[in-house]
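[1] Compute the structure for the input listed below.
(2 chains)
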Protein chains: 2
Amino acid sequence: MTKDHEKKTRRMKAIVAYDGTAFSGWQVQGDKRTVQAEVERAITEITGESPRIFCSGRTDSGVHAIGQVVHFEIAAKIPAKKLFLALNSKLPPDVRIMKIVRAKSDFDARFSATGKEYRYFIFNGPQCPPHLRHFRAHVYRKLDVKLMREATAQLVGEHDFAAFSANPGYEREGTVRTIHALTIRKTSGEITIAVRGNGFMYKMVRSLAGFLIRVGTGELPANAARTILESKLRTAHVPTAPACGLFLWRVFYRPTNSQAVQHPKA
Amino acid sequence: MTKDHEKKTRRMKAIVAYDGTAFSGWQVQGDKRTVQAEVERAITEITGESPRIFCSGRTDSGVHAIGQVVHFEIAAKIPAKKLFLALNSKLPPDVRIMKIVRAKSDFDARFSATGKEYRYFIFNGPQCPPHLRHFRAHVYRKLDVKLMREATAQLVGEHDFAAFSANPGYEREGTVRTIHALTIRKTSGEITIAVRGNGFMYKMVRSLAGFLIRVGTGELPANAARTILESKLRTAHVPTAPACGLFLWRVFYRPTNSQAVQHPKA
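    Numbering: from 1, shown residues only, chains lettered A, B, ... in the order given. Got it, this is the predicted structure:
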């Protein structure tokens, strides 16, 4: 007998994309409009059940997602393909379920994750084209991408990132994290920072982006990261870049944790 | 004495970008919210003058622009750089002046134009990521880009495009146009149709996009364009693709018509 049979519920894994502009972030908080509340409401409307949904990690107010991952349990025996269409028909246009599959009963959107990728998008020019205004940080001072790339070298690897967390004292798992890859791409006026790591603390990606932008403007030298990391102190050298430039891009799991899920490209 | 001195006004050329989502198109029409009305209001607020602004060509409700071009005349002797900042400070966030320069007195945003480029953006997949929903046509049936590319061959060149106009009888300049280039790019779930030509009739680009989408789904053969062009009749074979996928990308002028203007890339 599997755990699923005992509980008569099935665990589902879903990839959720959202435009964070009009949300007070992911997590349910009172009467505020949150992504979690919208997804839970849609599940209840379709199944009549009220499961709690668990995500890979909360996102802040104004932050977007292409590949947020959630799990939840339902008793309703609706095929995943039908559930996909039904949930999307009940969700507001700024939230979409991109994929939904049945998962193993021990799959956990947060604790089974082996890593995450975030992308931070910057429009670098005098004026940001209006259709991008909610999805780019606008930096009008010309950024030196070569310096920004130089600065990434000291950040990749395992470090104590306390100086890049907005609230290091509240991190239950400590402040050491590993960044596996940190790349900067430039195309026309756009600069994209992609960062992959085993975990990210509160506002850590926006702090990394804020630091790299300062390097790009020449306000900080490209080799400033080492000193900042070693200080373990959050200072004004590391500003938090705006939420609107940030996308939770992808969450990684060991292939055995659940059915293979093809992540959407965007 | 130049014409400018006689009139004591100077002609300005500006590149305007807008998110067309919340606009009833370009042109002033009563109390409706239009891009033209917003730009004229901003000019009046800054200069105290009420010049009429002339664009390269109107865009419909919901259509976006990266590189709309306008001209207008003002007496105020504000340097272009100051005017650029001042106008943007008075414009709503969904309209931006991307560039502004003084133009020769005979420069005309519409009649000096030698051609235009439009881009039509399609998201091709089961669900469109929410942050793109106002800026992509969403086609969930899988499109065959190879067939779409084949279909472009019969459309490039000089043709009577009456069958691709929503209102051919109202085209004062007749219905013959030249398409200089028509290319289709695919990256991940996105398909972009870029079309350059010497002029476009009412809803012509959205009609070309609608036709190419039908070819991509297999509803029409790739060689259907010739028969449709020769019929000179608008039929249900040529649907008008949604406004939200369309961007006026760039307007071309002979280099001598005005000061060189670097068009923004996006």
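[2] Count the neighbours of the nearest residue in space to residue A:133 that is not next to it in sequence for me.
    Beyond its immediate neighbours in the sequence, the residue positioned closest to residue A:133 (C-beta to C-beta, 6 or more residues apart in numbering or on different chains) is residue B:93, lying 5.8 Å away. Using the backbone N, CA and C atoms, a C-beta is placed for each residue, glycine as well. For residue B:93, the count of nearby residues is 11 (other C-beta atoms under 10 Å in any protein chain shown).
[3] What is the three-state secondary structure of residue B:93?
    coil (DSSP: H, G, I helix; E, B strand; the rest coil).
[4] now it: how far from residue A:93?
    Applying C-beta to C-beta, to the nearest Å, the value for residue B:93 to residue A:93 is 20 Å.
[5] quick one: the residue nearest to residue A:133 and residue A:134 touch, right?
    No: applying C-beta atoms under 8 Å as the test, residue B:93 and residue A:134 come out as separate, 9.1 Å apart.
[6] In contact with the nearest residue to residue A:243 once chain neighbours are set aside: list those residues for me.
    Closest residue to residue A:243 apart from its sequence neighbours, by C-beta to C-beta, 6+ apart: residue A:62 at 3.3 Å. By C-beta atoms under 8 Å, 6 or more residues apart in numbering or on different chains, residue A:62 lies in contact with A:20, A:21, A:23, A:25, A:242, A:243, A:244.
[7] per-residue pLDDT, residue A:62?
    Per-residue confidence (pLDDT) for residue A:62: 97.
[8] now the one 4 residues further on
    Residue A:66 carries a pLDDT value of 98.
[9] Please tell me how far the residue of the stretch 51-200 of chain A at minimum distance from chain B sits from residue B:67.
    Among the residues of the stretch 51-200 of chain A, residue A:188 lies closest to chain B, at 3.6 Å counting by C-beta to the nearest C-beta. According to C-beta to C-beta, residue A:188 and residue B:67 sit 13 Å apart.
[10] How about residue A:18?
    30 Å.
[11] Give me the more crowded residue out of the two.
    Just comparing residue A:18 and residue B:67: by other C-beta under 10 Å the higher neighbour count belongs to residue A:18, 27 against 24.
[12] could you show me where the helices are in the stretch 1-150 of chain A, in order?
    A:3-7, A:35-47, A:80-90, A:145-152 (DSSP state H, counting those that start in this stretch).
[13] For residue B:117, find the nearest of those helices.
    helix A:145-152 (27.1 Å; C-beta to C-beta).
[14] Buried ones in that closest one, by neighbour count?
    Across helix A:145-152, burial judged by 16 or more other C-beta atoms under 10 Å in any protein chain shown covers A:147, A:148, A:149, A:151, A:152.
[15] wait, isn't the second one in contact with residue A:216?
    Yes: at 4.6 Å, residue A:148 and residue A:216 qualify as touching, with contact defined as C-beta under 8 Å.
[16] Give the residues shared as contacts by these two.
    Jointly contacting residue A:148 and residue A:216 under the rule C-beta under 8 Å, 6+ apart are residue A:191.
[17] so where do the strands sit in the stretch 101-250 of chain A?
    A:113-124, A:137-139, A:157-160, A:176-187, A:190-197, A:246-253 (DSSP state E, counting those that start in this stretch).
[18] Residues of chain A that sit close to chain B?
    A:17-19, A:64, A:66, A:84, A:88, A:93-98, A:125-135, A:188-189, A:247, A:264-266 (C-beta under 8 Å from any C-beta of the partner chain).
[19] are any of these buried, and which?
    The buried subset of these - by 16+ other C-beta under 10 Å - is A:17-19, A:64, A:66, A:84, A:88, A:94-98, A:125-135, A:189, A:247, A:264, A:266.
[20] what bits of the stretch 1-150 of chain A have low per-residue confidence?
    Per-residue confidence for the stretch 1-150 of chain A (pLDDT under 70) gives these ranges: A:1-7.
[21] what does the model give residue A:235 for pLDDT?
    Looking at residue A:235, the pLDDT reads 86.
[22] phi, psi of it?
    Listed backbone geometry of residue A:235 is phi -130, psi 180, with angles given as degrees, to the nearest 10.
[23] contacting residues for it?
    Going by C-beta under 8 Å, 6+ apart, residue A:235 touches A:163, A:228.
[24] Next: the one 10 residues further on.
    Each residue near residue A:245 by C-beta under 8 Å, 6+ apart is listed here: A:120, A:121, A:122, A:135, A:136, A:137, A:206, A:209.
[25] same check, this time on residue A:191
    Contacts here follow C-beta under 8 Å, 6+ apart; on that basis residue A:191 touches A:121, A:122, A:124, A:143, A:145, A:148, A:184, A:185, A:216.
[26] can I assume residue A:155 is in contact with residue A:223?
    No: in this structure, residue A:155 is not within contact of residue A:223 by C-beta under 8 Å, at 11.2 Å.
[27] neighbour-wise, which of those two wins?
    Ranked by neighbour count (other C-beta under 10 Å), residue A:155 and residue A:223 place residue A:155 first, with 20 against 13.
[28] And that one, how far from residue B:213?
    Distance from residue A:155 to residue B:213, counting by C-beta to C-beta: 44 Å.
[29] Then residue A:158?
    Relative to residue B:213, and taking C-beta to C-beta, residue A:158 is found at 49 Å.
[30] so what's residue A:188 scoring on pLDDT?
    86.
[31] whoops, I mixed them up, residue A:169
    Value for residue A:169, per-residue pLDDT: 78.
[32] count of neighbours near it?
    Neighbours of residue A:169 using other C-beta under 10 Å come to 7.
[33] Could you do residue A:87 as well?
    Counted with other C-beta under 10 Å, residues neighbouring residue A:87 total 23.
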